[in-house]
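*Asks:* here's a sequence, model it:
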Amino acid sequence: MSRAKFSRGASLLEVLVVLVILAIGIFAFISLYPSGFLAIKRTGQSGAATRLAEQELERLKGREDTLPYAIVPIRYEDRNGNRVMLINPQNAPNDLEPQPGDDLGDPDLLPYVSGSNRIRRIIGERVNIPLPSPIVARNTPSQGSVYITAFAPVEVINTVTDTNQNPLDGGLLVYGNPMQRIETEAGQPAYFLQVFQYGIDYDPDDQGPQIALRPLRFRSISYKVDYAYYVQMGGNYSVKQVSEVITLPPTDPQRPFSYWVPLQTATDDPDFAGLVPDSDTVGRLFERLPLALDWDPDYPYQYKVLNDQLGLIVFNPSSSGFYERFWRGTRPLVANVDYNARDWQIINEERSIPSDGVVRLTLSDWKQAGDLLDDQSEYAGLNLPGYGQNQPDVVMIDLLSGAVAAYRQGTLIPGSGFDPRAQINYQQGVLRFPTDGDRDTTMVGRKIRVLYKVNDEWALSVQKAVHRYYISGSLVMPYDACAFDNSSPNFSTRLFFNRSEAGKSVMLREYWYADANGAQKRGSGGLFRISDTAAENGLHYIDLRDRHSTAVSWDSSVTGVALKGVQGVSLKVRLTYRPSGQRTIKLDFDAVVNRKD
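*Replies:* Residues are numbered from 1 along each chain as shown. Presented below is the predicted three-dimensional model:
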């Protein structure tokens, strides 16, 4: 008889015992690691987020002609009970933790002055105004030149601007090309200034800081004035940099002539110690109209915010193809947009809905309203304007019509612009749309943008170097300046920048230096990286010797200047997240990008 006949398998009890022992071993092995299964989950999330960041970097590289002038850190001050936003050049890119007093005692402000949201002011995003097209939206004229901002959602402050009420709290501003600066004496007649010029006096006699601007005869006109001023506190000097809106009333029946008006923000600062020379720029402000109001065909400087969550702006059709006067003749009207990215933790992705109706977003583990947060409070939602206490946790925007569908805990919020009939799986990050219905009701084939937040405070933010830095005569300087320091032989080959520019790359268009043999040398197109660490003077720098090892000093003897043209070429997409009980972790993706002029 064969031996196989007497062999038998393991009993069910034996199998169960083995499985229990194996399970105990697996859990014991995982428990050896601090994060256990959470670490495995986070690794998968990091891989997906990396792909999202790389896609974002490629998207921005593809729109070089509309990249912003700069993306800068901001802080807030309290001025007589009013919140004023200031650019903060002392905030380094890696300063992610909130600082004492940043929230002005308002806990609702804390998320917007900490982490990646410390750097969220978009300055000078350029708009080459497109051709007019039909607009598919309610309460809106049928024609307009449509533009979508590079980043969304954006903050929109519904403020009526005049000389006494300025949107210094981070509102969206749309303005034209920079005007020509004319240095003159405050108090003197300024009637000679043209509509594309302004006058400024950096050292007025006991009259406070003033600027000369030209009104219009038959309608009011507003100007956006950017400038920096010195403040003195305890014997030390520093710089504050602000944007101020000045509105001039019509002069009819009188002819319009330029006149002097105060720079109110600087005037109201008790620590004001003088304007920073060459820090000022002025642009003509576009009028923001309500959606239902008709365009003025004779005044191209108009726009409307069609959808602030999408960053959708529409311009007066007459602005497309319009040429304006400037000091060299005429030029096409170009708009520039300043705004705050509302919250870098709001992830936004665009998807086309496939035939099976299933849309899988890049990240999973979405926050849902009512979820318990680390501080034992409940997650309230995306904190978007217009929803009050009933905040959505997921928003879907139809990119064809601009209509918005807002969801809270998987349920459509009443009053939404449309109903996509979506089912939301927050844990998996999946949307499911029905595939039945006719052409007007089905979502299949439509393109949508989805806004959501992810647990562990995931954020996808963008940083960009200043497009052009000017040479300052002082080391106490605005964010968009650089300076030489001759106080030490160790600084003879260095060019200094503010802390906000640490780690960014710049290109020197043309420069001259002396080498160890006393010979004069010329360089052009030099690419340098600003140091991550500060020098003894507290500033960050580039060093000629990083590219020219024999250089001993800058040399201005050839042309009278040692340097012509300093251009920022850094573009960085940053992923950050904060695991429970830990510090913020960051992943950076860099590119060298030159914004087109």
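*Asks:* the nearest residue to Thr267 once chain neighbours are set aside: how many residues sit nearby?
*Replies:* Spatial nearest neighbour of Thr267, excluding adjacent residues (Cβ to Cβ, 6 or more residues apart in numbering): Gly208 at 4.8 Å. Placement of C-beta: from N, CA and C, glycine included. By the criterion of other Cβ atoms under 10 Å, Gly208 has 13 neighbours.
*Asks:* isn't Gly208 right up against Pro262?
*Replies:* Yes. Applying Cβ atoms under 8 Å, one finds Gly208 in contact with Pro262, separated by 5.8 Å.
*Asks:* what's the burial count for Leu22?
*Replies:* What Leu22 shows, counting by other Cβ under 10 Å, is a neighbour count of 10.
*Asks:* Asp532 too?
*Replies:* Asp532 has 11 neighbouring residues, counting by other Cβ under 10 Å.
*Asks:* strands of the stretch 351-500 of the chain, start to end?
*Replies:* Counting by DSSP state E, counting those that start in this stretch, the stretch 351-500 of the chain has strands at residues 358-360, 394-398, 404-408, 411-412, 423-425, 430-432, 447-452, 459-464, 468-471, 481-483, 494-497.
*Asks:* any chance of a markdown table for those strands, columns mean pLDDT, mean neighbour count and distance to Gly144?
*Replies:* As requested, the strands of the stretch 351-500 of the chain are exported to a markdown table (pLDDT from 0 to 100; neighbours: other Cβ atoms under 10 Å; distance: least, Cβ to Cβ, whole Å):
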| stretch | mean pLDDT | mean neighbour count | distance to Gly144 |
| --- | --- | --- | --- |
| strand 358-360 | 96 | 16 | 29 |
| strand 394-398 | 92 | 25 | 18 |
| strand 404-408 | 94 | 22 | 18 |
| strand 411-412 | 97 | 14 | 29 |
| strand 423-425 | 97 | 16 | 33 |
| strand 430-432 | 97 | 18 | 30 |
| strand 447-452 | 93 | 21 | 20 |
| strand 459-464 | 95 | 23 | 27 |
| strand 468-471 | 94 | 18 | 31 |
| strand 481-483 | 95 | 24 | 38 |
| strand 494-497 | 97 | 25 | 40 |
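*Asks:* distance to His540 for the ones you listed - can I get that in TSV?
*Replies:* Converted to TSV, the strands of the stretch 351-500 of the chain look like this (distance: least, Cβ to Cβ, whole Å):
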stretch	distance to His540
strand 358-360	42
strand 394-398	39
strand 404-408	42
strand 411-412	50
strand 423-425	45
strand 430-432	44
strand 447-452	35
strand 459-464	14
strand 468-471	12
strand 481-483	10
strand 494-497	5
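*Asks:* out of those, which comes closest to Asn517?
*Replies:* Across these, Asn517 has its closest neighbour in strand 494-497 (20.6 Å, Cβ to Cβ).
*Asks:* helices or strands next to the closest one in the packing?
*Replies:* For strand 494-497, the packing partners by 3 or more Cβ pairs under 8 Å, 6 or more residues apart in numbering; DSSP states H and E come out as strand 481-483, strand 540-543.
*Asks:* those strands: which one's closest to Ser580?
*Replies:* strand 540-543 (33.2 Å).
*Asks:* hang on, the earlier thing: tell me the contacts of the residue nearest to Thr267?
*Replies:* 262-263, 266-267 (Cβ atoms under 8 Å, 6 or more residues apart in numbering).
*Asks:* just checking, it is part of a strand?
*Replies:* No. Assessed with DSSP: H, G, I helix; E, B strand; the rest coil, Gly208 is coil; it does not lie in a strand.
*Asks:* ok, back up a step: got a markdown table for the contacts of Gly208, with neighbour count and pLDDT too?
*Replies:* Listed next are these as a markdown table, based on neighbours: other Cβ atoms under 10 Å; pLDDT from 0 to 100:
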| residue | neighbour count | pLDDT |
| --- | --- | --- |
| Pro262 | 18 | 91 |
| Leu263 | 21 | 91 |
| Ala266 | 22 | 88 |
| Thr267 | 13 | 85 |
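*Asks:* which of the residues you listed sit farthest apart?
*Replies:* Pro262 and Ala266 (8.3 Å).
*Asks:* what sits in contact with each of the two?
*Replies:* 208-209.
*Asks:* which ones are touching the closest residue to Gln302 other than its chain neighbours?
*Replies:* In this structure, Gln302 finds its nearest non-sequential neighbour in Asn316, 4.1 Å apart by Cβ to Cβ, 6+ apart. Residues in contact with Asn316 (Cβ under 8 Å, 6+ apart) are 144-145, 295-297, 299-303.
*Asks:* also Ile424?
*Replies:* Ile424 neighbours (Cβ under 8 Å, 6+ apart): 366, 394, 407, 410, 430-431.
*Asks:* give me the number of residues near the residue nearest to Ser279 when sequence neighbours are not counted?
*Replies:* Distances taken as Cβ to Cβ, 6+ apart put Ala228 closest to Ser279, at 3.9 Å, once the chain neighbours are dropped. By the criterion of other Cβ under 10 Å, Ala228 has 25 neighbours.
*Asks:* Ala228 and Leu275 touch, don't they?
*Replies:* Yes. At 7.5 Å, Ala228 counts as touching Leu275 under the criterion of Cβ under 8 Å.
*Asks:* quick check: the gap between the residue nearest to Pro354 when sequence neighbours are not counted and Phe433.
*Replies:* Spatially, and ignoring its direct neighbours in sequence, Pro354 is nearest to Val444 (7.3 Å; Cβ to Cβ, 6+ apart). Going from Val444 to Phe433 by Cβ to Cβ, to the nearest Å gives 7 Å.
*Asks:* who has more neighbours out of these two?
*Replies:* Taking neighbours as other Cβ under 10 Å, Val444 and Phe433 compare with Phe433 leading, 21 against 16.
*Asks:* wait, what's in contact with that one?
*Replies:* Contacts for Phe433 (Cβ under 8 Å, 6+ apart) come out as 353, 357-359, 420-423, 442-444.
*Asks:* 7 Å instead, please
*Replies:* Residues near Phe433 by Cβ atoms under 7 Å, 6 or more residues apart in numbering: 353, 357, 420-422, 443.
*Asks:* taking those together, which two end up most distant?
*Replies:* Spanning the widest gap among the contacts of Phe433 are Ile353 and Arg421, at 11.5 Å by Cβ to Cβ.
*Asks:* pick out whichever of the two has more residues nearby.
*Replies:* For Ile353 versus Arg421, the count of surrounding residues by other Cβ under 10 Å is larger for Ile353: 21 against 16.
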